[in-house]
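Chemist: Just need the structure, nothing else, for what follows:
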Amino acid sequence: MGISMTVREETQALERQTMSPYAMLSADTKGRKEPEEECELRTPFQRDRDRIIHCKSFRRLKHKTQVFLSPEGDHYRTRLTHTLEVSQIARTIARALHLNEDLTEAVALGHDLGHTPFGHAGERALNAIVPQGFRHYEQSVRVVDKLEKEGRGLNLTYEVRNGILCHTCGMEAETLEGKIIRWADRIAYMNHDIDDAIRAGVLREPDIPKEITAVLGDSKTRRITALIRSVVENSRDGTIRMDEVTYQAYQALDAFLYESVYLNEYAKKEEKKVPHIIRSLFTYFENPDHLPDYLKRIAEKEGKEVAACDYVAGMTDHYAVECYKSLFIPKAWNLGDI
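Modeler: A predicted model of the protein is given here:
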């Protein structure tokens, strides 16, 4: 009588049979910092994906700025919708290349957990204040390692943590699944930022230079398709890349967006208020008495600046504004309150 396999073992056997030789198999993970008993139903990467989806930091992304600070309208992207679009694009690429879609999805969903309130304006503000500097990709790893679950962390696998750390610049991820996220992140933000800029009246589709649209197309759907197709068709030999013509068009579009959207005075006018808010909150929470208990422990071990940075970086836009108002704006009162 044969030995029955768990659902997880069946899934891992299918991975070996169906995935590319370049794929990161869940059975071959380098594991977790704290060893755990395996789940009978889910692979390690599936468990990581689920832990990220259910954590508080993931839920807070719905109230964090993507590009436009405090826009009026229900249809602008948030950091959460950006994350979901990155995940969708990354999974499409991973599936086409027969790579590990579960690992890809876990990295995609966790890549921006450490992002600040007020988007990159908040990141720049914290970077200017914190002695050790601030980089959101490093903070994302810190969130899953040390800050979630009241300081216990999520205890994710090495490959997911490495993909999160390496998703934006500098050192490349060790797995192809992690490398996909860097491309998917760029493809997602480039296209949804155009969409939001058009919605805000900052940009019109015909404003995009003809030499770019001739290669990538003249609509969001055509651009995303062209960019994803280029990655898929040029990444079958153990690398993740675009062809040179598409890549040059991509870079030209990125430069165009920086000039037309990311540095646009009208679109970014509210960002001038961000450094003062961030600095005021950081200074207040440098006092460990003002922090939650698990951050007080971090203040004792790593310093009050680190703990204050952790707390402020985790705030949503709305909470940061309300916290600032509560701490620094005088409240109305009357004699009946005395």
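Chemist: So what's the residue count around residue 234?
Modeler: Residues lying near residue 234 (other Cβ atoms under 10 Å) number 16. Placement of C-beta: from N, CA and C, glycine included.
Chemist: Now do it against residue 227, distance only.
Modeler: To residue 227, residue 234 is 11 Å away according to Cβ to Cβ, to the nearest Å.
Chemist: ditto for residue 304
Modeler: Using Cβ to Cβ, one gets 44 Å for the distance from residue 304 to residue 227.
Chemist: Name the residue in those two with the higher neighbour count.
Modeler: In terms of neighbours (other Cβ under 10 Å), residue 227 is the more surrounded of residue 304 and residue 227; the figures are 28 against 17.
Chemist: and the nearest residue to that one once chain neighbours are set aside, what is it in contact with?
Modeler: Spatial nearest neighbour of residue 227, chain neighbours left out: residue 187 (4.7 Å); criterion: Cβ to Cβ, 6 or more residues apart in numbering. When contacts are counted by Cβ atoms under 8 Å, 6 or more residues apart in numbering, residue 187 touches 89, 224, 227, 228, 231.
Chemist: one step back: spit out the residues that contact residue 234 and residue 227 alike.
Modeler: Taking Cβ under 8 Å, 6+ apart as the contact definition, residue 234 and residue 227 share the neighbouring residues residue 242.
Chemist: The nearest residue in space to residue 151 that is not next to it in sequence and residue 177: what is the separation?
Modeler: Using Cβ to Cβ, 6+ apart and skipping residues adjacent in sequence, the residue nearest residue 151 is residue 294, 3.6 Å away. Counting by Cβ to Cβ, the gap between residue 294 and residue 177 amounts to 31 Å.
Chemist: These two - which one has more neighbours?
Modeler: Set side by side, residue 294 and residue 177 show unequal neighbour counts under other Cβ under 10 Å, the larger going to residue 177 at 30 against 16.
Chemist: Next up, the contacts around the more buried one.
Modeler: Here residue 177 is in contact with 23, 24, 94, 99, 100, 103, 104, 107, 159, 163 (criterion: Cβ under 8 Å, 6+ apart).
Chemist: I'd guessed residue 19 sits against residue 100; true?
Modeler: Yes: at 6.4 Å, residue 19 and residue 100 qualify as touching, with contact defined as Cβ atoms under 8 Å.
Chemist: quick one, which of those two is more surrounded?
Modeler: For residue 19 against residue 100, the residue with the higher neighbour count under other Cβ under 10 Å is residue 100, and the figures read 27 against 18.
Chemist: who's in contact with the more buried one?
Modeler: 15, 19, 23, 24, 25, 26, 45, 94, 175, 177.
Chemist: Apart from its chain neighbours, what residue comes closest to the fourth one?
Modeler: With Cβ to Cβ, 6+ apart as the criterion, residue 24 has its nearest non-adjacent residue at 4.3 Å, and that residue is residue 175.
Chemist: Could you report the neighbour count for residue 166?
Modeler: Going by other Cβ under 10 Å, the residues that sit close to residue 166 add up to 22.
Chemist: correct me, but it touches residue 175?
Modeler: No: using Cβ under 8 Å as the test, residue 166 is too far from residue 175 to be in contact (9.5 Å).
Chemist: Show me the shaky parts of the stretch 201-338 of the chain.
Modeler: Using pLDDT under 70 as the threshold, the predicted model of the stretch 201-338 of the chain has low-confidence ranges 267, 333-338.
Chemist: before we move on, the earlier item: now the common contact residues for residue 166 and residue 175.
Modeler: Common contacts of residue 166 and residue 175, defined by Cβ under 8 Å, 6+ apart, are absent altogether.
Chemist: next one: phi and psi at residue 157?
Modeler: phi -70, psi 160 (degrees, to the nearest 10).
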